[in-house]
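**Q** Provided below are the primary sequence and the corresponding predicted coordinates.
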Amino acid sequence: MILVTGYDGTAEELYFANGAAALERGYNVLAFDGPGQGAMLIDRWVPLRPDWENVITPVVDYLLTRPDVDPARIVLTGLSLGGYLAPRAATAEHRLAACISDCGPYDVFDATARRLPGFLARQLPDGNPALLRLLGRLVRVVMNKPTAGWAMRRNLMAHGLSDPLEYFTIARQYSLKGIEDRIACPTFVCSAEDDDLSIDARKLYNALTCPKQYRQFTSAEGAGQHCESGARTVFHQHAFDWLDQVLDPAGQPAPAAPPRGPLASTC
């Protein structure tokens with residue numbers, strides 16, 4: 001199982017989000033910092049990129065050199081923004097046996113722009129110059145707030161940008177619209193009831209032409225926040241039950257080399 005994180009995640013964090021649960025269920029795990037994430041961002045200043053297929057393909061190439069990897073059962077799981085990055089990779093990397101999109105945005109621009117006043121959001125990316133200047137000033141006011149501005153400050157950092165309006169321009173590249181039919185592997189898509197970032201997950205699910213499963217996690221089960229943060233075990237139960245069925249419909253475990261534990265790396 002390849003683990004992919006989001007805007008502010010790290011390979012180490014992925015162990016607690018999904019890695020430990022996967023290991024307990026007999027999976028081998030690879031967690032890594034990709035462009036714009038963890039050590040790749042902080043130590044090497046490599047910014048985020050939308051074409052995650054060009055990140056995951058060399059990871060799959062590496063896994064296929066390992067004796068403890070079943071080439072027919074490579075799974076890609078994306079958390080938060082990784083919920084976009086994973087299915088984006090699956091549009092072109094067809095050696096994957098399954099893909100899990102956990103509370104990712106269907107379109108990053110839409111997910112971000114809906115937080116703006118509508119009359120200003122409609123000016124993006126190259127509308128009325130005066131209104132765009134007003135929007136830029138308003139966003140910077142929010143960015144200067146320690147808590148409310150954290151997300152945008154982090155987004156700009158991950159992309160290597162300084163201008164918030166430039167962020168809204170490049171955000172349009174982070175979209176699954178029109179390429180969903182390129183995903184061939186079975187795909188699990190989920191959202192959380194109170195999470196506005198995954199509000200369009202159902203649109204992704206509806207557009208998929210591959211074998212698929214959708215679930216909205218609810219506040220009543222403690223899993224209504226972004227990435228089911230209050231009840232990860234509920235997510236694990238449903239995601240891994242689905243995955244076990246996809247990888248082995250007959251319910252018969254295939255022979256495999258003994259697990260060698262989690263791997264963490266930068267890539």
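**A** Yep, it's here.

**Q** Surely residue 124 and residue 113 touch.
**A** Yes - the criterion here is C-beta atoms under 8 Å, and residue 124 meets it with residue 113 at 6.4 Å. C-beta here means a position set from N, CA and C on the backbone, and glycine is covered the same way.

**Q** separation between residue 107 and residue 172?
**A** From residue 107 over to residue 172 the distance is 8 Å, taken as C-beta to C-beta, to the nearest Å.

**Q** same question, residue 231
**A** 33 Å.

**Q** what does residue 147 give?
**A** Taking C-beta to C-beta, one finds residue 147 at 27 Å from residue 172.

**Q** Run through the residues that contact the closest residue to residue 136 other than its chain neighbours.
**A** Excluding the flanking residues, the one nearest residue 136 by C-beta to C-beta, 6 or more residues apart in numbering is residue 165, at 5.1 Å. For residue 165, the contact set (C-beta atoms under 8 Å, 6 or more residues apart in numbering) comprises 124-125, 132, 135-136, 139.

**Q** For those residues, which two are the farthest from each other?
**A** 125 and 139 (13.6 Å; C-beta to C-beta).

**Q** how about JSON lines for the contacts of residue 165, with distance to residue 242 and neighbour count added?
**A** Shown next, in JSON lines, are the contacts of residue 165 (distance: C-beta to C-beta, whole Å; neighbours: other C-beta atoms under 10 Å):
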{"residue": "124", "distance to residue 242": "37", "neighbour count": "19"}
{"residue": "125", "distance to residue 242": "38", "neighbour count": "13"}
{"residue": "132", "distance to residue 242": "44", "neighbour count": "17"}
{"residue": "135", "distance to residue 242": "41", "neighbour count": "22"}
{"residue": "136", "distance to residue 242": "43", "neighbour count": "16"}
{"residue": "139", "distance to residue 242": "39", "neighbour count": "20"}
